[in-house]
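Student: give me a 3D structure for the following:
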Amino acid sequence: MDYKSKKDNNASYVKLTKSLKNGEVGKLYIFHGQEQYLLKNSIAKIRAMLCADGLDSFNYKRFDGNTITARLLEDSIETLPFMAERTLIEVFDYNLLKGAGAEQDNEREQICCQMSDLPDHVCIIFIYSTIEYKPDNRLKQNKEILSIAELVEFAPAEGSELIGWVRRHFNDAGKEISSADAAYLTEITGGLMTTLHGEIRKVAAYAKSKQITREDIDAVVVPVLDVQVYRLTDAIVRRDSKSAMQILDKLFQMREAPHKLIYSISLKMRQLLSARVCIESKKGRDELKKICDIYKDYPADILLNTAKKATLAYCVNTVKICAQTAKQLNNTSEPEAHIVELVAKLAISPSL
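Tutor: Reported below is the predicted structural model:
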């Protein structure tokens with residue numbers, strides 16, 4: 001995934017929102033992106049506009065990537081809508097734009113050809129929900145599709161936009177929350193609206209008073225793995241072995257798989273090394289976000305603050321030790337013990 005500015009990420013979504021607000025629905029869309037909450041909401045708006053009487057079998061068709069065929073799609077396209085102006089066709093998780101070197105089967109070629117001459121009564125949405133959107137723009141066929149399709153990326157919101165969204169949703173639930181506590185909630189949940197929507201309801205239901213507090217949040221919200229490991233990394237670098245072990249114990253209680261844990265710890269240590277290199281070379285947050293492919297400011301700031309407490313040699317050694325531990329995990333019946341040993345070594349050993 002290439003690093004992009006927030007403005008670049010939001011442009012296609014803003015354009016779609018304006019079009020739908022004006023009652024304009026195109027003929028061919030490709031939806032993808034991390035923020036599935038916005039993606040699903042946009043699909044719901046299009047459904048409401050084109051299928052006002054509900055998702056009946058006449059004017060609404062849904063296909064999954066593993067069952068769609070060129071013939072099924074052609075039949076749906078050619079069938080005129082019944083007592084409506086448009087037919088809505090949704091195709092979930094079909095890799096329409098394969099990368100270079102991928103097998104180009106006849107079915108896909110036929111489907112791509114169908115997209116080049118769609119009738120006005122059809123709206124087709126290809127939705128990348130569980131599969132990765134990774135087209136090769138060098139391929140002629142992909143270029144042709146992208147030249148006629150409206151490509152919409154649903155990128156994560158951040159900053160004041162996301163905080164405002166959180167506060168509005170608490171208001172809808174009859175609660176109030178400060179900007180600082182709203183920011184804290186977005187940070188510990190990973191900042192995706194998909195996750196936040198459920199957590200807001202949990203916190204609002206738990207809180208006794210109208211004003212949401214930090215204590216209300218901590219009482220019912222479990223920080224995502226990334227946040228826990230960032231905290232673990234910071235405790236390790238501060239040589240706070242007690243806090244590091246407490247965080248690790250929480251991760252074990254969350255039943256995170258050992259191989260997933262070592263991957264996450266190793267990744268954070270590599271990012272920490274990158275942060276230290278940025279500091280050494282007088283580079284700032286934006287450069288670190290590009291190097292580590294990080295969208296949000298919050299994790300980049302954590303990495304830079306933690307890296308200030310470590311030397312370059314320490315960061316290099318931690319990456320090497322994590323790699324050794326990851327290798328050991330493939331040949332042991334007690335992977336948790338190796339992870340405990342790793343954290344203890346990184347947090348205590350004076351030789352690092």
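Student: select the longest helix from the protein.
Tutor: helix 258-280 (DSSP state H).
Student: tell me which residues in that helix are buried?
Tutor: 258, 261-262, 264-266, 268-279 (16 or more other C-beta atoms under 10 Å). Where C-beta positions appear, they are placed from N, C-alpha and C, glycine not excepted.
Student: just stretch 79-87 next, same as before
Tutor: Those buried within stretch 79-87 under the rule 16+ other C-beta under 10 Å are Pro81, Ala84, Arg86, Thr87.
Student: got it, and stretch 171-181?
Tutor: Across stretch 171-181, burial judged by 16+ other C-beta under 10 Å covers Lys175, Ile177, Asp181.
Student: kindly indicate whether Glu90 is helix, strand or coil.
Tutor: strand (DSSP: H, G, I helix; E, B strand; the rest coil).
Student: that one touches Ile43, doesn't it?
Tutor: Yes - with contacts counted by C-beta atoms under 8 Å, Glu90 reaches Ile43, the gap being 7.0 Å.
Student: between these two, which contacts overlap?
Tutor: Ile125, Ile127 (C-beta atoms under 8 Å, 6 or more residues apart in numbering).
Student: where in the stretch 251-352 of the chain is pLDDT low?
Tutor: Scanning the stretch 251-352 of the chain with the threshold set as pLDDT under 70 gives 350-352.
Student: hmm, 80 instead?
Tutor: Counting by pLDDT under 80, the stretch 251-352 of the chain contains low-confidence ranges at 295-296, 349-352.
Student: so where do the helices sit in it?
Tutor: Under the criterion DSSP state H, counting those that start in this stretch, helices of the stretch 251-352 of the chain are mapped to 258-280, 285-292, 297-307, 312-329, 335-348.
Student: make a markdown table out of those helices and add distance to Asn59.
Tutor: Formatted as a markdown table, those follow (distance: least, C-beta to C-beta, whole Å):
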| stretch | distance to Asn59 |
| --- | --- |
| helix 258-280 | 44 |
| helix 285-292 | 44 |
| helix 297-307 | 44 |
| helix 312-329 | 52 |
| helix 335-348 | 53 |
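Student: mind checking the ones you listed for the one nearest to Glu153?
Tutor: Nearest of those to Glu153, taken as C-beta to C-beta: helix 285-292 at 17.2 Å.
Student: next, the buried residues of the closest one.
Tutor: Buried-residue list, helix 285-292, by 16+ other C-beta under 10 Å: Glu287, Leu288, Lys289, Lys290, Ile291, Cys292.
Student: from the residues you listed, which single one is nearest Leu248?
Tutor: Comparing the buried residues of helix 285-292 against Leu248 with C-beta to C-beta places Cys292 closest, at 22.7 Å.
Student: contacts only, for the residue lying closest to Arg270 once chain neighbours are set aside.
Tutor: Among residues not flanking Arg270 along the chain, Val319 sits closest, at 5.6 Å (C-beta to C-beta, 6 or more residues apart in numbering). Listed by C-beta under 8 Å, 6+ apart, the contact partners of Val319 are Ser266, Met269, Arg270, Leu273.
Student: what does stretch 249-261 contact?
Tutor: Val222, Leu225, Gln228, Val229, Leu232, Leu329, Pro335, Glu336, His338, Ile339.
Student: let me know the outermost residue of the chain.
Tutor: Met83 (38.9 Å; C-alpha atoms, centre = their mean).
Student: now do it, the pLDDT please.
Tutor: What the model reports for Met83 is a pLDDT of 82.
Student: let's verify it: helix, strand, or coil?
Tutor: coil.
Student: and it, how far is that from Tyr263?
Tutor: 54 Å (C-beta to C-beta, to the nearest Å).
Student: by neighbour count, which of the contacts of stretch 249-261 wins?
Tutor: Leu232 (25 neighbours; other C-beta atoms under 10 Å).
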